[in-house]
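> 3D model of this:
(chains A and B)
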Amino acid sequence: MRVGILSLQGDFLNHFSILERLDVEPVLVKTPADLRVDGLILPGGESTAISMLLQSSGLFDPIRGLIRDGMPVFGTCAGMILLARSVIDGREDQVGFDAIDIAVRRNGFGRQVASFETDLDVAGFEDGPVKAVFIRAPVVEKVAEEVEVLASVDYQFPDSSGRSVPVICRQEKVLVSSFHPELVGEDRIHRLFLRLI
Amino acid sequence: MDQTEFSHVTGGALVKRGLAEMLRGGVIMDVVNAEQAKIAEDAGAVAVMALERVPADIRREGGVARMSDPFLIEEIQQAVTIPVMAKARIGHFAEAQILQELQVDYIDESEVLTPADEAHHIDKWKFTVPFVCGATNLGEALRRISEGAAMIRSKGEAGTGNVVEAVRHLRSITGDIRKLTQADSAEIYAWAKNLQAPLELVREVSATGRLPVPLFCAGGLATPADASLVMQLGAEAVFVGSGIFKSSDPARRARAIVEATTHFQDPAVLVSVSRNLGAPMVGIEMDEIEVRLAERGW
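Residues are numbered from 1 along each chain as shown, chains lettered A, B, ... in the order given. Down below sits the predicted model:
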């Protein structure tokens, strides 16, 4: 099984290390010719920069086509933003794949001083919590009925009372997380993704 | 590290180094006002560095170079959605406290500004905001990491438009890392002594073959080819200072350097982004300069 990792900018090599352990063939994707893959990971990074590089590299249209044809995709943080139906506080020219019916707010938890780590219980994971690292992470503001929420965090926003924020979501072949399992060597969410392929 | 009421932890090494991981393969651009920050973001910068004067102007005008006016930093923060970094003087922890209060995303404890302390760098573990520090060799890099730096950049020679020092520093760091991975357990002690770096960090680098934090490159980059060169030499991202806004067409050059940093191994892309780019900043030879910024810090 060949699993691509979008490698225009961001922490794509961290995803590479995890896939190497999971008995699949990881493929760094920088050009359309690299897209002979069975699934694709969109890594963490700066979504504005990745969005521009997707267009200049000619990758945007073919990836959108492959997702529409049912190719499984997994996005972490910036990857989640690129896969979301709508982005609040994004740049007007920012392109996205509209692959999962959620609305996200960029940097919704605040600036870097608010970046945090926490232990997260994930639905279906029997062997302990996930160490979840949130870096200037997006906040999922709206989730459609068809979207399954696999994990949430309770969070105290400065201007309101605490509420529960979805942090792992899935709709059919599209999986997203607003944190970075790839930063801590956590491979259970990647294994969940590989089962969609 | 601080614990919030939902037992979320902020300011730990994971989130500090984590932001540096997110910037990999990207370009961080020096900007002196909101207008330049917009140009940088429009060109695909992954972050901007707010400062009062770009290094080329500091070099030309002289005088004491300090942290930027908070108003200027706030203006830049409001203008862009990407991370905003700002510089503090070496050892000037009060400037760093002000920058943390402003919620900048990274502090650069930078030799480009005039040092405030001739013996001590900032104790960076005390801060929630992460720090990047410059280094000319592996020992210096590990000393900064032991003080809490979450990202290292080669110093190069800022404001010269000459990449030769950045290459020297990068090769020194990556070359020593390669040699260190070959050292046996007894030799590790001699390495720690010679590098003047903590034994545990030396042992870690020897085992992993990389720094414990991301290694970026800065100081003198002016062209897409410069970005490709340092990425091929092992830099994980690049800082461009005077090289963009001292060139004839900053928006185009910024965009070209972004493309070159992503596609650094693809000469065809480098040709297309380098073509008709207009005049780069005028560079300076190393023996023409009076002040070597890279010699600040230790």
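> Now stretch B:161-168: average pLDDT?
The average of the pLDDT scores along stretch B:161-168 is 95.
> buried residues in that stretch?
Buried residues in stretch B:161-168, counted by 16 or more other Cβ atoms under 10 Å in any protein chain shown: B:161-163, B:165-168. All C-beta spots, glycine's among them, are computed from the backbone N, C-alpha and C.
> Next: stretch A:30-45.
Within stretch A:30-45, the residues that count as buried by 16+ other Cβ under 10 Å are A:30, A:34-35, A:37, A:39-45.
> in chain A, which spans are strands?
A:2-6, A:25-29, A:39-42, A:73-76, A:84-88, A:100-105, A:116-120, A:130-134, A:139-143, A:148-156, A:162-171, A:174-177 (DSSP state E).
> can you list those in CSV and add mean pLDDT?
Formatted as CSV, the strands of chain A follow (pLDDT from 0 to 100):
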stretch, mean pLDDT
strand A:2-6, 98
strand A:25-29, 98
strand A:39-42, 98
strand A:73-76, 98
strand A:84-88, 94
strand A:100-105, 97
strand A:116-120, 96
strand A:130-134, 97
strand A:139-143, 97
strand A:148-156, 96
strand A:162-171, 95
strand A:174-177, 98
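> Out of those strands, the one nearest residue B:125 is which?
strand A:116-120 (16.3 Å; Cβ to Cβ).
> Tell me if the closest one is near chain B.
Yes: applying Cβ under 8 Å from any Cβ of the partner chain, one finds strand A:116-120 touching chain B at A:116-119.
> Give me the buried entries from those residues.
Here, 16+ other Cβ under 10 Å leaves A:116-118 buried among those.
> what packs against the longest helix seen in chain B?
The longest helix of chain B (DSSP state H) is helix B:164-180. Using 3 or more Cβ pairs under 8 Å, 6 or more residues apart in numbering or on different chains; DSSP states H and E, the elements in contact with helix B:164-180 are helix B:138-146, strand B:151-154, helix B:185-195, helix B:199-208, strand B:215-217, helix B:224-232.
> Show me which positions of the third one end up buried.
Of the residues in helix B:185-195, B:188, B:191-192, B:195 count as buried by neighbour count, 16+ other Cβ under 10 Å.
> Please give me every residue in contact with the closest residue to residue A:8 other than its chain neighbours.
Nearest residue to residue A:8 in three dimensions, chain neighbours excluded: residue A:53, at 4.0 Å (Cβ to Cβ, 6 or more residues apart in numbering or on different chains). Residue A:53 makes contact with A:8-9, B:44, B:258-259, B:262 under the criterion Cβ atoms under 8 Å, 6 or more residues apart in numbering or on different chains.
> try 10 Å this time
A:6-9, A:30, A:45-46, A:59-60, B:25-26, B:44, B:258-259, B:261-263 (Cβ atoms under 10 Å, 6 or more residues apart in numbering or on different chains).
> that older thread, in CSV, list the strands of chain A along with distance to residue B:247.
As requested, these are exported to CSV (distance: least, Cβ to Cβ, whole Å):
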stretch, distance to residue B:247
strand A:2-6, 30
strand A:25-29, 31
strand A:39-42, 32
strand A:73-76, 35
strand A:84-88, 32
strand A:100-105, 36
strand A:116-120, 39
strand A:130-134, 37
strand A:139-143, 38
strand A:148-156, 43
strand A:162-171, 42
strand A:174-177, 39
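> show me where the stretch 1-150 of chain B has strands.
With DSSP state E, counting those that start in this stretch, the ranges of strands along the stretch 1-150 of chain B come out as B:2-3, B:9-10, B:27-31, B:47-50, B:84-89, B:106-110, B:131-135.
> Show me the one of these that comes nearest chain A.
strand B:9-10 (4.8 Å; Cβ to the nearest Cβ).
> Report the mean per-residue pLDDT for that closest one.
Mean predicted confidence for strand B:9-10 is 94.
> do stretch B:277-287 as well
84.
> Then stretch B:146-157?
97.
> so how far is it off the chain centroid?
Counting by Cα atoms, centre = their mean, to the nearest Å, stretch B:146-157 is centred 7 Å from the centre of its parent chain.
> got the CA positions of it in PDB?
C-alpha atoms of stretch B:146-157 as PDB (Å, rounded to 0.1, in the frame of the first residue of the first chain):
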ATOM      1  CA  SER B 146      20.400  23.900  27.300                       C
ATOM      2  CA  GLU B 147      19.200  27.500  28.100                       C
ATOM      3  CA  GLY B 148      15.800  26.600  26.600                       C
ATOM      4  CA  ALA B 149      16.000  27.600  22.900                       C
ATOM      5  CA  ALA B 150      13.300  25.600  20.900                       C
ATOM      6  CA  MET B 151      14.800  26.400  17.500                       C
ATOM      7  CA  ILE B 152      18.400  27.000  16.300                       C
ATOM      8  CA  ARG B 153      19.300  29.000  13.200                       C
ATOM      9  CA  SER B 154      22.700  29.300  11.800                       C
ATOM     10  CA  LYS B 155      23.800  32.900  12.300                       C
ATOM     11  CA  GLY B 156      25.400  33.600   9.000                       C
ATOM     12  CA  GLU B 157      26.300  37.300   8.600                       C
END
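> and among the helices and strands packed on helix B:164-180, the most buried is which?
strand B:151-154 (a mean of 29; mean count of other Cβ atoms under 10 Å in any protein chain shown).
> partner strands of it, parallel or antiparallel?
Here strand B:151-154 is paired, per DSSP bridges, with strand B:131-135 (parallel), strand B:215-217 (parallel).
> so who does residue B:29 touch?
Going by Cβ under 10 Å, 6+ apart, the list of residues near residue B:29 reads B:36-37, B:39-41, B:43-49, B:82, B:238-241, B:243-245, B:250, B:254, B:257-258.
> The longest helix of chain B: which residues count as buried?
Under the neighbour-count criterion of 16+ other Cβ under 10 Å, helix B:164-180 has B:165-170, B:172-174, B:176-177, B:180 buried.
> now stretch A:140-160
A:140, A:143, A:147, A:149-153, A:155.
> which residue is nearest the middle of chain B?
Against the mean C-alpha coordinate of chain B, by Cα atoms, centre = their mean, the closest residue is residue B:153 at 4.0 Å.
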